[in-house]
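A.B. asks: what would the 3D arrangement of this be:
(one chain, ligands or ions: 2)
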Amino acid sequence: MSIPLIDFEKLTSSNQAVSQEEIQALDSACREIGFFYLVNSSLSPALMKKLMGAAQRFFAQPDKVKRAIDIKNSPNHRGYGGIGEEQLDEVSHADWKETFDMALDLAKDHPLVGKYPAMYGPNQNPSDPLVVEVLQDYYVAAFEVAQKVLMAMAQALKLEPGFFTRCFTDHVTVLRMIHYPPRPADDHHNGAGAHTDYGCITLLLQDMIGGLQVKNRRGEWVDATPVENALVVNIGDLMQRWTNDEYVSTSHRVVSPLSGVDRYSFPFFVEPDYETNVACVPSCFSADKPAKYAPILSGDWIQSRFDATYAYREKSSS
Ligand SMILES: O=C(O)CCC(=O)C(=O)O
Ligand SMILES: [Fe+2]
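C.D. replies: Ligands and ions are numbered 1, 2, ... in the order given. Just a heads-up that it's a prediction; the model follows:
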């Protein structure tokens, strides 16, 4: 019950025998633990390194500079979130982490912004244009990887390859940078409290510090030990719902680094268009296994989860 390794080159190989075998392995990983390492992806190690550098530069700035793009001032959840802002584990402590979120940038007069102002709209960009450029480059490159993984998942689920990717025209995929500062010696160690991700799939880039743990089916916390240049991919709640619980959205958490150590990570939360109708996929229900969940709009689902974990959104929506 550890985290399997999936090879992106094999997954996308033009040799059918090779790709089919890897798609099978992907399918098992999604059913059994809901997590896998993705190696040999098309994301270049140079771009990963640049993103790491950009995060270090961004978070090292004075608090006042980061607060100029405070997520609290963004109706659509973009920008900087300070330490203690988010509490992923609903029963314990706020997380020891600071964050920056960006997604597709839509102008305020775009019809979707008028319709769903809590999800669509402009980004709040860092002032350093080099940081912005790296974020945008990474967003595009990671999105390509995500689309190929979703195509492989569709094939694994015996659906047409474009079953999921066709829902990504005005998608709300978020690139997040996270900085976990060393925790105070006498305090709790929730870097990120135990939680499941809300969306479809998450592609996580992490540095080599470690701290991410995944709960396997036996209820044991397994270390997602960093593998150089690999992404950690996991299934989110929306995909679990879409597949009638065939693919599992698994709880995970981050233990804060020890004193003197900073950790950086970069989740890429892959989330479809707001108006995607998430109804049980055809291959996941039968007379013996009826659909467990009512259809729901993807955006309605994701928004309800945001509101539950961010104090300021809960207040503003009540
Ligand atoms: O930082 C990590 O390794 C994981 C973060 C995470 O699980 C999340 O932000 O949803
Ligand atoms: Fe997560």
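
A.B. asks: if Q206 is in a bridge, with which residues?
C.D. replies: Beta-bridge pairing of Q206 under DSSP bridges involves S265.

A.B. asks: burial count for it?
C.D. replies: 23 (other C-beta atoms under 10 Å). Yep, even glycine has a C-beta here, placed from its N, CA and C like the rest.

A.B. asks: which residues touch it?
C.D. replies: Residues near Q206 by C-beta atoms under 8 Å, 6 or more residues apart in numbering: 212, 224, 226, 232, 263-266.

A.B. asks: before we move on, what about A185?
C.D. replies: A185 makes contacts with S259, as judged by C-beta under 8 Å, 6+ apart.

A.B. asks: same question, K108
C.D. replies: 121-122.

A.B. asks: do P182 as well
C.D. replies: 256-262.

A.B. asks: filter these down to the ones close to ligand 1.
C.D. replies: Among the contacts of P182, no residue is within reach of ligand 1 (C-beta under 6 Å from any ligand atom).

A.B. asks: extract the residue ranges of this protein that are flagged as low pLDDT.
C.D. replies: For the chain, the stretches with pLDDT under 70 are 1, 86-93, 186-188, 308-318.

A.B. asks: could you rerun that using 90?
C.D. replies: For the chain, the stretches flagged by pLDDT under 90 are 1-2, 83-96, 182-193, 217-218, 255-260, 303-318.

A.B. asks: does the residue sitting nearest the centre point of it count as helix, strand or coil?
C.D. replies: By C-alpha atoms, centre = their mean, the mean C-alpha position of the chain lies nearest to F269, the distance being 2.7 Å. Under the three-state scheme (DSSP: H, G, I helix; E, B strand; the rest coil), F269 adopts strand.

A.B. asks: tell me the two of the contacts of Q206 that are most distant?
C.D. replies: Within those, A224 and Y264 form the most distant pair, 15.0 Å apart (C-beta to C-beta).

A.B. asks: and L238, helix, strand or coil?
C.D. replies: helix.

A.B. asks: OK, contacts around it?
C.D. replies: L238 makes contact with 198-200, 271-272, 278, 298, 301-302, according to C-beta under 8 Å, 6+ apart.

A.B. asks: between these, which sits nearest ligand 1?
C.D. replies: When those are compared for distance to ligand 1 (C-beta to the nearest ligand atom), Y198 wins out at 8.8 Å.

A.B. asks: may I have stretch 189-204 as CSV, with CA atoms only?
C.D. replies: Backbone C-alpha positions of stretch 189-204 (Å, rounded to 0.1, in the frame of the first residue of the first chain) are rendered in CSV as follows:
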residue,chain,number,x,y,z
HIS,A,189,3.1,20.8,13.4
ASN,A,190,0.2,21.1,10.9
GLY,A,191,1.8,22.5,7.8
ALA,A,192,-1.4,21.5,6.0
GLY,A,193,-4.0,19.7,8.0
ALA,A,194,-5.4,16.4,6.8
HIS,A,195,-7.8,16.9,3.9
THR,A,196,-8.8,15.7,0.5
ASP,A,197,-8.5,17.9,-2.6
TYR,A,198,-11.8,19.2,-4.0
GLY,A,199,-11.2,19.1,-7.8
CYS,A,200,-10.5,16.6,-10.5
ILE,A,201,-6.9,15.8,-10.1
THR,A,202,-3.9,17.6,-8.5
LEU,A,203,-0.4,17.7,-9.9
LEU,A,204,2.0,18.5,-7.1
